[in-house]
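[1] Predicted structure and sequence below. I'll ask about it afterward.
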Amino acid sequence: MPDKAEALGIFLILLPGFASAYVVQLLAVRRRQSELDKVVEALFFSLAFYLVTLPFFGSTLPISWRAIDAAHPNIYQVTIQWTHLATLAGLALLFGLAYAANINKDWLLPLLRWLKVTDRSSRSTIWNDAFQDLDGFVQVGLSGDRKVIGWVKDYSDEEDTSALFLEDAAWIDKDGRQQPVHGPGILLTKESGIQYVMFLDADEGD
């Protein structure tokens, strides 16, 4: 029984790191990772959580066991350390949310760029950089010399799909006149051949 209980305790130590990594994968748009990258990242998170909780709970596992009595040395009572387990779960959730927000909002790397440590952004592509930092009124150039304007409502997470949904949209004809889209808006998919997105200054009521 101790071997099984110890294995369960180690599993409970590792699980928060994988849970936190899952939260990050769910909420953040990231550069593609291999399966090995994901496992290594989750194990790193687990190690960090264990080290953070070490001063408070020592080197104990989230479960403990003891023999019921001397007459039955092979029969054990297993006790779950709920405080330790709840602390690890809370750390996993809070860190996952904070780390995902850091990736999406690019909070940390601007400082490192200012220090000339890197020129990279935490976001996956310049497509995400542009649409997360800039919003509002745009003109989109499409294949076939077509143009459409509107307010950015939604955009795809990945540059490869390059899809946009524009509200209050209008087509621009060859004479520069607007032909309004009568409806909620227009969805521009990759098949529409997006060639450029021009971010424009415009009053919302215009």
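    Looks like it arrived, so ask away. None of the values given here were measured: they were computed from a predicted structure.
[2] Which strands or helices does the longest helix along the chain pack on?
    Ranked by number of residues, the top helix in the chain under DSSP state H is helix 2-27. Contact here means 3 or more CB pairs under 8 Å, 6 or more residues apart in numbering; DSSP states H and E; on that basis helix 2-27 packs against helix 35-57, strand 63-69, strand 72-80, helix 82-105. Placement of C-beta: from N, CA and C, glycine included.
[3] Turn those into TSV, including mean neighbour count, mean pLDDT and distance to Q132.
    Below are those laid out as TSV (neighbours: other CB atoms under 10 Å; pLDDT from 0 to 100; distance: least, CB to CB, whole Å):
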stretch	mean neighbour count	mean pLDDT	distance to Q132
helix 35-57	14	92	22
strand 63-69	13	67	43
strand 72-80	11	67	42
helix 82-105	17	92	7
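[4] Find the centremost residue of the chain, please.
    A28 (1.4 Å; CA atoms, centre = their mean).
[5] and it, how far is that from D157?
    10 Å (CB to CB, to the nearest Å).
[6] Then E6?
    Counting by CB to CB, the gap from E6 to D157 is 41 Å.
[7] same thing with D106?
    From D106 over to D157 (counting by CB to CB), the distance is 15 Å.
[8] same question, T60
    Taken as CB to CB, the span from T60 to D157 is 41 Å.
[9] okay, the two: which has more neighbours?
    Neighbour count, other CB atoms under 10 Å: between T60 and D157, D157 has more, with 15 against 12.
[10] Could you report the neighbour count for T189?
    T189, neighbours per other CB under 10 Å, totals 13.
[11] Leaving out chain neighbours, which residue sits closest to it?
    Spatial nearest neighbour of T189, excluding adjacent residues (CB to CB, 6 or more residues apart in numbering): A163 at 5.0 Å.
[12] Tabulate the helices and strands packed on helix 2-27 (TSV), appending distance to I126.
    Listed next are these as TSV, based on distance: least, CB to CB, whole Å:
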stretch	distance to I126
helix 35-57	22
strand 63-69	48
strand 72-80	48
helix 82-105	15
